[in-house]
Each structure stands twice: as C-alpha cells, then as structure tokens.
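Asks: return a 3D structure for these sequence lines:
(2 chains)
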Amino acid sequence: MNANTPRQSPAEWEEGAQLFDRTTRDLPTGRHQFHKERMMAQIHELQQEERTAAPSRTGRRFRLPRPAIVLPAMAAAVAAAVVAGVVTSGNGSGVESSGGVATGPALTTQVGAATTKGVPQLLDQISLAAAEGDHPTVKPGQYIYIESRTADSFLKSVDDKTTLAGHALHRRQMWKSPDGTKGWLIDPAVNDSPEGETLSLPDEQGNTPKANLNGPSYDYLAKLTTDPDALLAKIYKETKGQGNSPDQEAFTTIGDLLGESYPPAELYPALFKAAAKIPGVVVVDDAVDAVGRRGVAVARLDETSGEREEWIFDRKSHVFLGERSVQVKQNTGVDALIKPGTVTFTSAILHRAVVDDIKQTPSRSQAG
Amino acid sequence: MNVSTHMRTRVRAGESSAFAELYDSYARAVYNHVFRLTADWSTAEDVMATTFMEAWRLRDRVDPEGGSLRPWLLGIATNTARNQYRSNRRYRAAAGAAAAAELSVPDHAEEVADRVDDRRRLATALTALAALRRPEREVIALCLGEGLDYEAAAEALGIPVGTVASRLSRARKKLRTLTEAELARPAGELALKKVRGNREGGCPGRQTRGDHAHAIRPAQEGNR
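Replies: Down below sits the predicted model:
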C-alpha cells in the first residue's frame, strides 16, 4: 500500500480526526470474545458444509460428537508417516507377547522443530475450536466411550539384558460411567483376556478411590472451575511434588485430561487457556499421531527425561487428534537405549461418544 | 508487506485462523467505524459481527497482493451499515436521538467534568455526521474516523480516488463550519438545535491551525 497521502495538510487532517476522538471505544466487556467465538463457530460450520458438499460425500451427515471422527478418511490416506525402525541394539526379544499385543521394535519419528513463537495464538485458536465443538450431556446410567489407537516403547529387562521394546499399535476401548464408579477396558496390551476387564469400583483391593485430577470422572470434571487461572492454580496445588517438575507435571496433567477423557464443554477450552500459561510450552511444526494424521503440536520438554510430550491438533480445524511422547534428547546410562526420535507413547483418539451400556459402541446406539 | 501478502493468501484460502487474527486486529476498528455510520453502539456490534461473516463469504475476492486488509474490512462494514438505514432521514433521526441522549443525562454532581466533556464531544461528532450526506459521511468516517488515506478509502468504497478527494473536501467544508460553531458553544447546551442556524460563516473559533503535531495515524496498518 502506498504511503499516507492525504492531500490536505496534516494539521487539517488532525483537526478533522479530533472530531471523532470520542467515537472510539472497546466493545463492551466480554463481547469481543463472544463475537469471536460465534464467528469461529459459524466459519467452522460453513467449512464443514463445504467439505460435505464435496463430490466424494453424499447426503448430509449428522453432526458427530466430535469433529475428530470426520478426519480418519483423510488420515487413512496418509500412510503411517511414523517410521518403524529398530533402535535397539538387542535382537530377537521383540516378538514376545505381553498381554496379547506383540511387542516389537520401537516406533521412531522425525523430531519436529519446536518454537515458542505463536504459542499463545495457537492455543487461542485451539481453545476457540474447542469451545465450538459438540460436547456430551451424559445422563446417569449412560457411559462415556473412548476409542483410541495406541502404541508405546519401553525398556525391557530380561535377566541382565535390557532392550528397547514396545507395544505395537492396537485398539483401546474404554467405557466409564459419569460418576466414575463403573467401567470397562479393552486393551490387549493391558488385559489378560480378550474380552477386557472391569474398571468398576471398588477395585480388586476393595478401594473406592475418589475422583481426582489424575483419575477424574466426568462428574468431577464437570465441577471443575472453568476459570483458566483458578484451574491452573488447582492443578499446580494438587500435583505438587509429582512428576519431574511442577510445570511439566501441570502440562502432563492437562494432557491426560485431554486424552482419554471427554471434557465437558465448559471445561474444554479452559484447559487450553490454562495450558497457555504454563512456562516452557512450545509449538511443534509437524507431528504425526498414532494413526498417521499429521498436524501441529503443542508440546513441552521434560528436561529431566529428555522426552517431549506433544498434543497433536489438526492444522486447520485445530481439533485434538491425539498425543504422544517423543524422546528428543540423548540420554545416558541404560536410558541411552531410548534414542532421540523414539516415540515412547502415542495415542490417537478416534472416537468419543456417550453410549447406553458398557461394551456398547456408538455404531449400535445413537450416541452423541 | 510480506506479512500482509501472507495474510491475504491465508484469507483467500479460507483459513479460519486467519479470520481469528483479522478479528482480533480489526474488530474494534470496524465496531467504531460502524458506530459512526449508524449512531448506535448496539447496532454497531451487530453490524461488526455481520461484517466478519461477510468477509468470510467474500474471501475469494480479496486481491492476493496488497497491504493490510483493514480497508477491505471497513469497506464491507460500510456496505453492511448502509443496509441499516436506507434513508439519510433515518440516520439523522438516530444520530439526533443519540446526541440528545448523551447531552440530556442530568448532571450528576459526581460526574466529573471530563466525562461531561466526553459526552458533549460525542454528541458534537454525531451531530456533525448527521449534517452530511451519506456518501460524504462514509468518506469522512473512513478518512478521519479511521485514518485511511485516499487510496485506501477508494479501495474500501470501490470508487475512484478523485471521488474520495472531492467528497472529502466538500464534507470537510461543512464540518468545519459546524464543529467550530459547536465547540465554541458553552458546555451543556443542546447541540442538536444549533446545527441548522450555523451552517454558514464559521467563527474562527477555538481551534488553532498549524500548531498540531503530525500525529496522524498511519493509514496502512490498523489501530487495534
């Protein structure tokens, strides 16, 4: 654009502008954000319409509980960009079974570049997208169903020989009642039997743990404060002494709430706003979730372990895809077996829904 | 410029994040601009919201090259605001009512003098705007209210630069006489009634010419 070229003298210009110096003001409190969220919601809706109007899709799809589910079509096309490679120097030990999932060579990935630039903006966009998505209303007697694909790597010691092993990518399904007292888990890496195991309380030791930040029920989450500052303060307070550092533990705690849970609508954006306030949070330009969906990640490096925890979001829609931990720093000692680039844990959320019974999947019940 | 070009590309591509950024940067400017064109803050809020959805709809008409998208948004806002009041008579009625409302609030003892002055100045601005024809008002609002230069205002309104210049100069002539009369008036008097009688022959008034700092807001990048 050209330089400022008023054809009147600057003094005249200024004098005219003075006339309007009382006609500038901010939007009333809260209205800026209100209209922004509404605009973003409308835009996302229009984008969805444009997408569904594409020739490959016919008919109107009903609005799914979470847009994350719309993405697998695209994701399937992206062949697993996570390269499986042998990082361990050991041999042979990789094919033993552990609870039904073959353990194999560890997953590796390209370590994406991290920057602190754009962190608040990205989290802002993510929380806007989060505010706009559909969220469940769970009635008593119903269950929250979460289906994910997950894989991990770990050090495995047999006699005095330690090797890097991992659980291959597999399906994990979890049902949880909103009060957290009833549940079921099917995860071949965890279960002894193929039909899974109960998560209902009291547990096998007869304990009925109360819901807390590290083991939240839906009801518990619904009662949490949605004020980002208060929420973050609570997280720091209640996770004090845990983890490798207070900041990392706060970040991980929020990550856990994002992953295998179905945060209530009011809480969901607040989680991201709280995360934005944790020191050391970075943006990773390129990250791939467990099923190969590429995106951008909000991440934080655990300086002690050298692992970076990455929350992966769709680059455009900012929908949460999943999370993973990537070793980014060379360790020493036995931990040196976990080479930089190793994916120590990865989980892609494929489905979240409200269903009417344990072991019921949304295809069999109109959930949402 | 690179940043602007990149923004234009993203807007054209329909990236929602680009619209979030546009909104954060310019919602306030659009809101204020629309207020000047509608004389009503809550209408301005509605029109502001509509403006951004219009911008989304019209995103592929954005020129891939160019500077800030502020003039483009203000142009859309101008068109959207125009639909509020088809006739200038209605604008005048609204502005008159708004100006009167600013002035008629009884003088609370606790209301500081500054605040009273603010109200009077706002009423003056509205009264002045109401005295203009709509095309003049739009140019005035863009150039003086939002600090656009001629080229940007022309881009916003989709009219030739020369037209902007001539409208602006005509409008400013009217305004000068009006505002000088207004500002010379003692506080508390109803501004509205004075307008008509004082069209001609401005008093030299209180404004000193030529001693102003060159504090023009840059036209190409927005005030936030």
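Asks: can you list the weak-confidence ranges in the chain?
Replies: As the question left the chain open, I've gone with chain A. Within chain A, the stretches with pLDDT under 70 are A:1-9, A:11-12, A:15, A:52-106, A:159, A:203-207, A:363-368.
Asks: can you look at chain B instead?
Replies: Applying pLDDT under 70 to chain B flags residues B:1-2, B:86, B:105-111, B:179-224.
Asks: in chain B, what residue lies closest to chain A?
Replies: At 3.1 Å from chain A, residue B:67 is the closest residue in chain B, using CB to the nearest CB. In this view, the C-beta of every residue, glycine as well, is placed from N, C-alpha and C.
Asks: surely that residue meets residue B:4?
Replies: Yes - Residue B:67 lies in contact with residue B:4 (CB atoms under 8 Å); the separation is 4.8 Å.
Asks: so the two - more neighbours on which side?
Replies: Legend: neighbour count by other CB atoms under 10 Å in any protein chain shown for residue B:67 and residue B:4, higher for residue B:67 (22 against 17).
Asks: what helix or strand is that one on?
Replies: Following DSSP states H and E, one finds residue B:67 outside all helices and strands.
Asks: tell me the spacing between residue A:140 and residue A:183.
Replies: 15 Å (CB to CB, to the nearest Å).
Asks: which one of those two is surrounded by more residues?
Replies: Taking neighbours as other CB under 10 Å, residue A:140 and residue A:183 compare with residue A:183 leading, 18 against 8.
Asks: so which residues on the stretch 51-200 of chain A come close to chain B?
Replies: A:121, A:124, A:125, A:128, A:129 (CB under 8 Å from any CB of the partner chain).
Asks: which among the residues you listed end up buried?
Replies: For those, a burial check counting by 16 or more other CB atoms under 10 Å in any protein chain shown picks out A:124, A:125, A:128, A:129.
Asks: residues touching the first one, list them.
Replies: What it means is residue A:124. Residues counted as contacts of residue A:124 (CB atoms under 8 Å, 6 or more residues apart in numbering or on different chains) are A:276, B:20.
Asks: swap in 7 Å and give it another go.
Replies: By CB atoms under 7 Å, 6 or more residues apart in numbering or on different chains, the contact set of residue A:124 is empty.
Asks: shouldn't it be within a helix?
Replies: Yes - under DSSP: H, G, I helix; E, B strand; the rest coil, residue A:124 falls within a helix.
Asks: how near is it to residue A:283?
Replies: In this view, residue A:124 and residue A:283 are 12 Å apart by CB to CB.
Asks: on that earlier part again, look up how far residue B:57 lies from the residue of chain B closest to chain A.
Replies: Residue B:67 sits 22 Å away from residue B:57, taking CB to CB as the criterion.
Asks: what's the answer for residue A:135, then?
Replies: Separation of residue A:135 from residue B:57 (CB to CB): 28 Å.
Asks: more crowded one of these two?
Replies: Applying other CB under 10 Å to residue A:135 and residue B:57 shows that residue A:135 carries more neighbours, namely 20 against 11.
Asks: the more buried one against residue A:264, yeah?
Replies: Yes - Residue A:135 is in contact with residue A:264 according to CB atoms under 7 Å; the separation is 6.1 Å.
Asks: could I get the contacting residues of the residue of the stretch 101-250 of chain A found nearest chain B?
Replies: Chain B sits closest to residue A:125 of the stretch 101-250 of chain A, with a gap of 5.0 Å, by CB to the nearest CB. If a contact means CB under 7 Å, 6+ apart, then residue A:125 has A:318, B:17, B:20 as its contacts.
Asks: which parts of the stretch 51-200 of chain A are helices?
Replies: In the stretch 51-200 of chain A, the segments counted as helices under DSSP state H, counting those that start in this stretch are A:72-77, A:119-132.
Asks: any idea which of the ones you listed is most buried?
Replies: Most buried of the helices of the stretch 51-200 of chain A, by mean neighbour count (mean count of other CB atoms under 10 Å in any protein chain shown): helix A:119-132, with a mean of 22.
Asks: chain center to that helix: distance?
Replies: 13 Å (CA atoms, centre = their mean, to the nearest Å).
Asks: show me the helices in chain B, by range?
Replies: Counting by DSSP state H, chain B has helices at residues B:2-12, B:16-38, B:41-57, B:70-82, B:88-104, B:113-130, B:134-140, B:150-157, B:161-184, B:191-197.
Asks: need these in TSV with distance to chain A, can you?
Replies: Listed next are these as TSV, based on distance: least, CB to the nearest CB, whole Å:
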stretch	distance to chain A
helix B:2-12	8
helix B:16-38	5
helix B:41-57	5
helix B:70-82	8
helix B:88-104	9
helix B:113-130	4
helix B:134-140	8
helix B:150-157	5
helix B:161-184	6
helix B:191-197	12
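Asks: residues contacting residue A:287?
Replies: Counted by CB under 7 Å, 6+ apart, residue A:287 has contacts A:112, A:295, A:296, A:297, A:310, A:312.
Asks: dump those residues into a markdown table; add distance to residue A:195 as well.
Replies: Below are the contacts of residue A:287 laid out as a markdown table (distance: CB to CB, whole Å):
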| residue | distance to residue A:195 |
| --- | --- |
| A:112 | 38 |
| A:295 | 34 |
| A:296 | 38 |
| A:297 | 35 |
| A:310 | 33 |
| A:312 | 31 |
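Asks: wait, the residue of chain B closest to chain A touches residue B:3, no?
Replies: No - in this structure residue B:67 lies outside contact range of residue B:3 using CB under 7 Å: 9.5 Å.
Asks: which of the three states applies to the residue in the stretch 251-368 of chain A that chain B sits nearest to?
Replies: Here the residue of the stretch 251-368 of chain A nearest chain B is residue A:316; by CB to the nearest CB that distance is 6.7 Å. At residue A:316 the chain is in coil, as set by three-state DSSP.
Asks: which positions in stretch B:145-152 come out as buried?
Replies: By neighbour count, and taking 16+ other CB under 10 Å as the criterion, the buried residues in stretch B:145-152 are B:145, B:146, B:147, B:148, B:149, B:150, B:151, B:152.
Asks: got CSV for those, with distance to residue A:189 too?
Replies: Output for the buried residues of stretch B:145-152, formatted as CSV (distance: CB to CB, whole Å):
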residue, distance to residue A:189
B:145, 64
B:146, 60
B:147, 62
B:148, 62
B:149, 65
B:150, 68
B:151, 65
B:152, 61
